[in-house]
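A.B. asks: Turn this into a model:
(one chain, ligands or ions: 1)
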Amino acid sequence: MSESEYDLQQLPQSEPVAANPEYRERRRLAAALRRIIDRLVRVEAPQQKLTQWADQAEQWADDVASHPRRQQQPLLMRLWTGKGSQQDALDMGDHDIMTGLSAAMAPPLELWLDGDVVRGRATLGPAWQGPPGRVHGGVVALMLDILMAKCQDLVHGLGMTGTLNIRYQAGTPLRKEVLMEARIQRIEGRKMFVEGRFFVDGEQTVLAEGIWISMQEPYRWRDGHGPQ
Ligand SMILES: CCCCCCCCCCCCCCCC(=O)SCCNC(=O)CCNC(=O)[C@H](O)C(C)(C)COP(=O)(O)OP(=O)(O)OC[C@H]1O[C@@H](n2cnc3c(N)ncnc32)[C@H](O)[C@@H]1OP(=O)(O)O
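C.D. replies: Numbering: from 1, shown residues only. The predicted structure follows:
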């Protein structure tokens, strides 16, 4: 793979690609929108202010909607065949629902590899609330799914979540740093068994087990990973 070609199967999952000038602006835009989404929850503001913001937002939404959307299929195909560009990698990864730096909805969740462990961290605000003061259980599931899927960086093979079982052991609080970890328990042909955990202030709040199913080849540990 030359430096200018990006291959989906070699790209670290859910980690940011270096931004080009276009994506520096997209990330700035998403960061500003994230702050708005966070602050809008029960914001104390005069109704006149709300009317002004709604008018501005409607106008802005119409302007954005007047521009076409880049097609996804061709760029996925280029990445899948190892012929993707930096722009393709950004177009795919930067809009990830949880980790994408250009996704206004993403907290964003930060993930990285530490030996054979996937680690992560995120701090979620009130827009993500389930029980008062706590992260919604469905959102916990979403974070787990993305965290645990990254274990595929440790193996050959790429697939989708088949099963995800979650034990909510304690509430996961909003506005506090959530630390996460995931490990591969074992591999059986096209199935990869993964465990995931969340911790807040040293207390474990979530335990999950999941099974990923490879789309094509059986999963195999990559060199330097797995039982030696
Ligand atoms: C142009 C190119 C673009 C490329 C682009 C690439 C994109 C790179 C992907 C990234 C993706 C990101 C995605 C984000 C994370 C989601 O959001 S994933 C979305 C949620 N998950 C889904 O929608 C999956 C829905 N399920 C399915 O599509 C199919 O059931 C599956 C999972 C693909 C499996 O179907 P299958 O390949 O026909 O598997 P099958 O032969 O029946 O079974 C194989 C083995 O797996 C077991 N198994 C099957 N299903 C399950 C299950 N659900 N649970 C446990 N075990 C199962 C079977 O028992 C069998 O085991 P053995 O008998 O071999 O021991």
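A.B. asks: How many residues are close by residue 122?
C.D. replies: Applying the criterion other C-beta atoms under 10 Å, we find 21 residues in the vicinity of residue 122. All C-beta atoms are positioned from the backbone trio N, CA, C, and that covers glycine.
A.B. asks: need the residues of this structure near the ligand, please.
C.D. replies: Residues of the chain lying close to the ligand (C-beta under 6 Å from any ligand atom) are 76-77, 80, 145, 149, 158, 160-163, 189-191, 211, 213.
A.B. asks: In PyMOL, select just the buried ones from those residues.
C.D. replies: Written as a PyMOL command, the selection of buried residues from the residues of the chain next to the ligand, which uses 16 or more other C-beta atoms under 10 Å, is:
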select buried, resi 145+149+158+161+190+191+211
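A.B. asks: Widest-spaced pair of the residues of the chain next to the ligand?
C.D. replies: Farthest apart among these by C-beta to C-beta are 77 and 163. That separation is 28.7 Å.
A.B. asks: that older thread, next step: the residues of the chain next to the ligand restricted to helices.
C.D. replies: Under the assignment DSSP state H, those contribute 76, 77, 80, 145, 149 to helices.
A.B. asks: mind listing what the residue of the chain found nearest the ligand touches?
C.D. replies: Across the chain, no residue is closer to the ligand than residue 162, which sits at 2.8 Å (C-beta to the nearest ligand atom). Taking C-beta atoms under 8 Å, 6 or more residues apart in numbering as the definition of contact, the neighbours of residue 162 are 191, 210, 211, 212, 213.
A.B. asks: For beta bridges, what are the partners of the second one?
C.D. replies: Same thing as residue 210. Taking DSSP bridges, one obtains residue 164, residue 194 as the residues bridged to residue 210.
A.B. asks: how about stretch 156-176: buried residues?
C.D. replies: Neighbour-count burial for stretch 156-176 flags 157, 158, 159, 161, 164, 166, 168, 171, 172, 173, 174 (criterion: 16+ other C-beta under 10 Å).
A.B. asks: the domain parsing of this protein - what is it?
C.D. replies: Described in terms of automatic domain parsing, the domain architecture of the chain consists of the residue ranges 1-108, 110-221.
A.B. asks: Pick the most deeply packed of those domains.
C.D. replies: Of the domains of the chain, the one with the most neighbours on average (mean count of other C-beta atoms under 10 Å) is domain 110-221, at a mean of 17.
A.B. asks: So what's the gap between that one and the chain middle?
C.D. replies: 10 Å (C-alpha atoms, centre = their mean, to the nearest Å).
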